[in-house]
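> Following is a predicted model, sequence given first.
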Number of protein chains: 2
Amino acid sequence: MVDEIMLFLLRNGAHMAPVSITTTDMGEALGMSQQNISRRLMLLEKKDMVLRRKGSVALTEKGISEIKELLAILQNSFDSKLRMTGVIADGLGEGRFYLSRPRYGKAIKEKFGFKPFPGTLNIRLDAEGVELRRRMLQLEPIIVDGFSENGRTFGDLFSYKAAVEDVECAVVVPTRTHHGKEIIEVVAPMNLRKTLRKKTGDKVAIRIW
Amino acid sequence: MVDEIMLFLLRNGAHMAPVSITTTDMGEALGMSQQNISRRLMLLEKKDMVLRRKGSVALTEKGISEIKELLAILQNSFDSKLRMTGVIADGLGEGRFYLSRPRYGKAIKEKFGFKPFPGTLNIRLDAEGVELRRRMLQLEPIIVDGFSENGRTFGDLFSYKAAVEDVECAVVVPTRTHHGKEIIEVVAPMNLRKTLRKKTGDKVAIRIW
DNA sequence: ATTACTAAAGATCGAGTAT
DNA sequence: TATACTCGATCTTTAGTAA
């Protein structure tokens, strides 16, 4: 959680260079006692969010990345529709196996309102898409619960309402995925390749909301 | 102050339409007790940050503007550019060797949009610059992948969009550098010494973004 | 089934003060 | 001068349970 002390440090450039400031001055700026700033800086340091060295404070890499995560959440929320592009990739056949499990099919019907075609469309994102995918994962997911069947475990799926070329569908992200970060799997009520008349390597746009 | 409850509501679109959710479910999502969510929602309502109506919650205008204020702080902080100063140093000739490899040239063209001049400009940073270089290394790098060629290994390069005296370029940091911490290497589409009419020992400013 | 009150535990705070 | 410890007051939280 990003608190007002980290925010204060950020505003003073502590993500770029160490900031020289006393606990007394910080307390004054934030309307807190010197003692409380002292205590809270110690806590932040223990959590590896800030680094203190002879009179100066800097945000650590971890601290900065927490703040960036918060930034991404806010940005995503305000430009509600995320749009990524990529090309159709050859699937691993894994999606088909998963999606044909009746329990997944039922869960998707429940959460998305359609019965999934037994196979996923895999899309290889471009560089910008990979970045947007990272943002997508910070959105509140629709969780499709996993289960066990015949001794095999099917993990939870994180899923998101989406559209590929304006055809309504869902992006599903297995909790323990076998894909790299540049591939996303799309589930739809029909065979998307046929419906869209697309083949491997063709460019497509995916919108998330 | 924007708290985790407001953030949760935002992620669920409560700035666009009321969200139907129970205090129990929210507690589960946020790892808090139902009672605490209940209490905190009441407080937020008293502060006019949220509006509750028969089982649903929405962010108020005031709540939304507080969140937007936070967003603006974060964006401004990260938009601000890192600026270092130093003097032009004599190169080690190593940059030229690296950058003349077609594969590096191609990768840089891809990531930065220019074909690199076959040689780097080496800049010896001043004390403050050395500190800022440390900060630069904590920014998200643009990674230029390494490779092997004729039995020799060329490691990954961490690179950053930059400008020397307002000429667009890239700072590259070999993963296994032979330079000390006070030298940075700059790659540009042209011979920067000539373009800038600078010689060894002349002062220059580098901006990173 | 959902929300919110009460009470007690736990966390956070400022004042005083030692290092 | 600056930082951080102790301690009592205040706040925040959870569990139990009433509305």
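Structure's in. What do you need?
> Following the record's annotation, map out the domains of chain A.
Chain A breaks down by automatic domain parsing into domains covering A:4-71, A:79-208.
> Find the helix or strand that A:Lys106 is a member of.
In this assignment (DSSP states H and E), A:Lys106 forms part of helix A:102-112.
> thinking again about what came up before, would TSV of the domains of chain A with mean neighbour count and distance to B:Glu185 be doable?
Every residue, glycine included, has its C-beta placed from N, CA and C. Shown next, in TSV, are the domains of chain A (neighbours: other CB atoms under 10 Å in any protein chain shown; distance: least, CB to CB, whole Å):
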stretch	mean neighbour count	distance to B:Glu185
domain A:4-71	17	20
domain A:79-208	16	23
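> Is it correct that A:Leu59 is in contact with A:Leu10?
Yes. In this structure, A:Leu59 is within contact of A:Leu10 by CB atoms under 8 Å, at 6.6 Å.
> Now do the shared contacts for those two.
Common neighbours of A:Leu59 and A:Leu10 are listed as A:Ile67 (criterion: CB atoms under 8 Å, 6 or more residues apart in numbering or on different chains).
> and the lengthiest helix in chain A, anywhere near chain B?
Longest helix in chain A, counting residues (DSSP state H): helix A:61-78. Yes. Applying CB under 8 Å from any CB of the partner chain, one finds helix A:61-78 touching chain B at A:Glu61, A:Ile64, A:Ile67, A:Lys68, A:Leu70, A:Leu71, A:Ile73, A:Leu74, A:Gln75, A:Ser77, A:Phe78.
> How about the helix or strand just after that helix and chain B, touching?
Counting by DSSP H and E, the next helix or strand C-terminal to helix A:61-78 is strand A:82-89. No. Counting by CB under 8 Å from any CB, chain B is not contacted by strand A:82-89; separation bottoms out at 13.0 Å.
> Next, the angle from strand A:82-89 to helix A:61-78.
100 degrees (axes from the mean of the first three to the mean of the last three CA atoms, to 10 degrees).
> so what strands line up beside strand A:82-89?
The strands beside strand A:82-89 in its sheet (DSSP bridges) come out as strand A:121-125 (antiparallel), strand A:203-208 (antiparallel).
> Quick one: residues in contact with the first one.
Outside of strand A:121-125, the residues within contact range by CB under 8 Å, 6+ apart are A:84-92, A:95, A:132-133, A:164, A:179, A:182-186, A:188, A:192-193, A:204, A:206.
> The residues you listed also near DNA strand C: which ones?
Among those, no residue sits close to DNA strand C (CB under 7 Å from any atom of the strand).
> ok now do the residue most central in space within chain A, which residues does it touch?
Nearest to the mean C-alpha position of chain A, counting by CA atoms, centre = their mean, stands A:Leu137 at 1.8 Å. Contacts of A:Leu137 were listed using CB under 8 Å, 6+ apart, and they are A:Phe158, A:Val173.
> how about the helices in chain A?
According to DSSP H, the helices that chain A contains are A:4-11, A:23-30, A:34-46, A:61-78, A:94-99, A:102-112, A:127-136, A:192-196.
> any idea of the pLDDT on the residue nearest to the centre of chain A?
Predicted confidence (pLDDT) for A:Leu137: 82.
> and the gap between the closest residue to A:Phe114 other than its chain neighbours and DNA strand D?
Using CB to CB, 6 or more residues apart in numbering or on different chains and skipping residues adjacent in sequence, the residue nearest A:Phe114 is A:Pro189, 3.9 Å away. Using CB to the nearest atom of the strand, to the nearest Å, A:Pro189 is found at 41 Å from DNA strand D.
> Does A:Pro189 touch A:Lys109 like I think?
No. The criterion here is CB under 8 Å, and A:Pro189 misses it with A:Lys109 at 9.5 Å.
> picking that back up, hey, least reliable of the strands paired with strand A:82-89 by pLDDT?
Minimum mean pLDDT among those: strand A:203-208, a mean of 80.
> what angle sits between that one and helix A:127-136?
20 degrees.
> one step back: now distance to B:Met42 too, for the domains of chain A, in CSV please.
Listed next are these as CSV, based on distance: least, CB to CB, whole Å:
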stretch, distance to B:Met42
domain A:4-71, 23
domain A:79-208, 23
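> returning to that earlier point: mind listing the shared neighbours of A:Pro189 and A:Lys109?
Common contact partners of A:Pro189 and A:Lys109 (CB under 8 Å, 6+ apart): A:Lys115, A:Pro116.
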